[in-house]
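Novice: Sequence and predicted structure below; questions after.
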Amino acid sequence: MTISTSVTPVAMASSSTRAKIAGGPSPEKPFPIKMSGNVIKGFGRGSKDLGIPTANLPEEAIAEQEKDMVTGIYYGWAQVVVKAHKDEPQHQLESSSSLSTSATALSPSSSTSSLATSCPATVYPMVMSLGWNPFYKNEKKSAEVHIMHNFHKDFYGDDLRVVVLGYIRPELDYTTLEALIEDINIDIEVAHRSLERPDYAAYKDDPIFSQ
């Protein structure tokens, strides 16, 4: 698979010119790529600037797979396994009806505490930005995972597991914030459609999510 790594300034994405699906009928090498690590604090702009929160993987998780991954936008499946923190009871992730808010978890309650250890965490579709994000001029490479699910609190320090199944597009240097948001929303749509195919949907049951 040949992937362009050039970064080109763009004014606005056009949904009519973007591919509706990314990748062939089945994942192709180097995919699937599996990554995991504790969720770390990111730049804090996913929710504030973009309305599209992300959960960030630690540098060591990126380094382990760096040889197989160029910068850009990827898609696949993700799972957050909530840990029992020293200062609070165990708790379980839960959603509202909204499509997409990530890096969050429900407050503990007596009705859900025991379920956190007995029920496997749900696996959700995700898109991941890997790179320096030219629009924000990052100085450090990051892996920012947007989980397509609406959670209610952050889950910093909890275990994030990701199976990357395909590449959507390279990083772009947008001239406006609106252009960046537009392209991210198209990425989410592309990921949803791409993951509906049977050979991609099957990875929702990958062993990494049952460890």
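Specialist: Arrived safely, thanks for sending. Numbers count the residues shown, from 1 in each chain.
Novice: contacts, neighbours, all on C-alpha from now
Specialist: OK.
Novice: for this protein, which helix is longest?
Specialist: In the chain, assigned by DSSP state H, the helix with the most residues is helix 177-195.
Novice: Can you name every helix or strand that that helix contacts?
Specialist: strand 72-81, strand 123-131, strand 159-169 (3 or more CA pairs under 8 Å, 6 or more residues apart in numbering; DSSP states H and E).
Novice: ok, and which of those has the densest surroundings?
Specialist: Ranked by mean neighbour count under mean count of other CA atoms under 10 Å, the helices and strands packed on helix 177-195 are led by strand 72-81, which reaches a mean of 25.
Novice: on that earlier part again, for the helices and strands packed on helix 177-195, please prepare JSON lines with the additional fields mean pLDDT.
Specialist: As requested, the helices and strands packed on helix 177-195 are exported to JSON lines (pLDDT from 0 to 100):
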{"stretch": "strand 72-81", "mean pLDDT": "97"}
{"stretch": "strand 123-131", "mean pLDDT": "95"}
{"stretch": "strand 159-169", "mean pLDDT": "97"}
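Novice: In JSON lines: those strands, plus distance to residue 208.
Specialist: Output for those, formatted as JSON lines (distance: least, CA to CA, whole Å):
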{"stretch": "strand 72-81", "distance to residue 208": "9"}
{"stretch": "strand 123-131", "distance to residue 208": "11"}
{"stretch": "strand 159-169", "distance to residue 208": "7"}
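Novice: nearest to residue 206, of these?
Specialist: strand 159-169 (8.1 Å; CA to CA).
Novice: quick one: contacts for residue 125?
Specialist: Counting by CA atoms under 8 Å, 6 or more residues apart in numbering, residue 125 touches 75, 76, 77, 78, 147, 148, 191, 192, 195.
Novice: just to revisit the earlier point, average model confidence for the longest helix of the chain?
Specialist: Averaged across helix 177-195, pLDDT comes to 93.
Novice: What's the first helix or strand after it?
Specialist: helix 198-201 (DSSP states H and E).
Novice: buried sites along that next one?
Specialist: 200, 201 (16 or more other CA atoms under 10 Å).
Novice: just use 39 as the starting number from now, easier for me
Specialist: Done: numbering now begins at 39, and the last item shifts to helix 236-239.
Novice: ok, and what's touching that helix?
Specialist: With CA under 8 Å, 6+ apart as the criterion, helix 236-239 contacts 63, 64, 65, 114, 203, 232, 233.
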